[in-house]
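Asks: sequence-free structure coming up:
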C-alpha cells in the first residue's frame, strides 16, 4: 500500500476498452499506477478526487469530448496537470486548437509505444510541469549555435514559450532568449534560457518552435507572470455573452455596445471558458439551455476557479421552472432574467450591478 502511494498516477480516458488495456499494459511495466475513465464526466471527477500526475485523454468520445474535458479542467484551476491528447486526428489546425485550449501535448493513434513512454517519462520526471499557455505577442531575439536572430512569441506560460521562427530549431537544442515587452521600450530585455521540445514545420501554417524554460530564477518567473497579467488586462471587457442563438447574440452585443459596454460574444460554454483564459470580464451573461455544457454547468465550473469568484453572473433563459430558478440561485448567480426579456430592463440591471 505504501509503495502504491509513491507511484506516479496516470489517468487513461478512452471509451474504447482496447486502448485502455493496451496503454495500461505498457505503463504498468514502467511502474506507474493506472486510473481509468470511459467518458469525460468521469474523467473530470477522477481528476478532482484522485489527483493524477498525468492524463492520457482520447479526443473523440460520446457526450463530452476531449476538448471540453481540457477546457473544463483548466477552467477549474488544474493548470499544471499534464494532459496529453490521443487521437487519429491529423488536421494541423485542429491540433493547434487543442494546444491553445490547454492540451500539453498530442499523440497520434495508433500509438507508438516508444513515443508514448518517452513523452510520459519526460513529463513525469520534470522538476516542473508545463504551464497553461496564453496567447502573447512579444518581440524577441534568440541565439542558438552562436547565431542571433529576431522573432516573435505566439504564446507564453510561466514554464515555456512558442517562438515563431524562420527556420526549424533542432529538438533538444538550447536557445538563449531576450524578450522585449512592448509597453516599456527603455527596460532591459528579459533574459531566459530554453530547450526546444517541439517544432511546427512551415507546412503547418504557423512555423516555429516550442521551448521549455530551464533554470528559471524567481525574478524571471515574476517578470513572466507580470507579462501574462498585463496581457489579460489588455483584453479586458465589460461583459461576455454566452448563448447558442445567433439572433440573441447579435441583439445583446449591439444593444450593450450601444449602451457603452465592451462585449465579447461566445456561442457555447466551452468557447466561453477558453475565452476566459485570455480575456478578463467584469460580468457574464449566459443562457441556460445550450448544447453540450449548459449554463448551470458552466457557472459551476466557472466558480471553481478562484480567479472568477467575484465576477457577477446573470442567467437569461426561457426555462423558468422552480427547480431551475433554485439551481441558478444556488450557483451564485447575481440575477435571473426570463426570455423573452426587455432589453432596456436588462441594460439597466447590468449598469446597476457594474456600478
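Replies: Noted; the coordinates are in hand. Just so it is clear, the structure is predicted and the values come from calculations on it, not from any experiment. Numbering: from 1, shown residues only.

Asks: okay, domains of this protein per the record?
Replies: Under automatic domain parsing, the residue ranges defining each domain of the chain are 2-124, 134-231, 235-354.

Asks: could I get those as CSV with mean pLDDT and mean neighbour count?
Replies: To be clear about C-beta, it is placed using only N, CA and C from the backbone, and glycine gets the same treatment. Putting the domains of the chain into CSV (pLDDT from 0 to 100; neighbours: other Cβ atoms under 10 Å) gives the following:
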stretch, mean pLDDT, mean neighbour count
domain 2-124, 87, 18
domain 134-231, 83, 16
domain 235-354, 88, 17
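
Asks: and for the residue most central in space within the chain, nearest residue in space, chain neighbours not counted?
Replies: Nearest residue to the geometric centre of the chain (Cα atoms, centre = their mean): residue 102, 3.3 Å. Closest residue to residue 102 apart from its sequence neighbours, by Cβ to Cβ, 6 or more residues apart in numbering: residue 74 at 4.0 Å.

Asks: what do you get for residue 223?
Replies: Using Cβ to Cβ, 6+ apart, the closest residue to residue 223 is residue 190 (4.8 Å).

Asks: what pairs with that neighbour across the strands?
Replies: Bridge pairing for residue 190 (DSSP bridges) gives the partners residue 179.

Asks: got the contact list for it?
Replies: Residues near residue 190 by Cβ atoms under 8 Å, 6 or more residues apart in numbering: 177, 178, 179, 181, 220, 223, 224, 227.

Asks: how much space between it and residue 30?
Replies: Counting by Cβ to Cβ, to the nearest Å, the separation of residue 190 from residue 30 is 37 Å.

Asks: before we move on, the earlier item: what helix or strand does the residue nearest to residue 102 sit in?
Replies: Taking DSSP states H and E as the definition, one finds residue 74 inside helix 66-75.

Asks: chain center to that helix, what's the gap?
Replies: In terms of Cα atoms, centre = their mean, to the nearest Å, the centre of helix 66-75 is set 7 Å apart from its chain centre.

Asks: show me what the lengthiest helix in the chain is packed up against.
Replies: For the chain, the longest helix by residue count, based on DSSP state H, is helix 218-234. Under the contact criterion of 3 or more Cβ pairs under 8 Å, 6 or more residues apart in numbering; DSSP states H and E, helix 218-234 touches strand 134-135, strand 147-156, strand 190-200.

Asks: who wins for proximity to residue 116 among those strands?
Replies: Between residue 116 and the helices and strands packed on helix 218-234, the tightest spacing by Cβ to Cβ is seen for strand 190-200, at 15.8 Å.

Asks: the closest one to strand 147-156, inter-axis angle?
Replies: Using axes from the mean of the first three to the mean of the last three Cα atoms, to 10 degrees, the inter-axis angle of strand 190-200 relative to strand 147-156 is 80 degrees.

Asks: quick one, what contacts the residue nearest to residue 102?
Replies: Residues near residue 74 by Cβ under 8 Å, 6+ apart: 101, 102, 132, 273, 277.

Asks: just flag the most distant two among those.
Replies: It's 132 and 273 that sit farthest apart of the contacts of residue 74, by Cβ to Cβ, at 12.1 Å.
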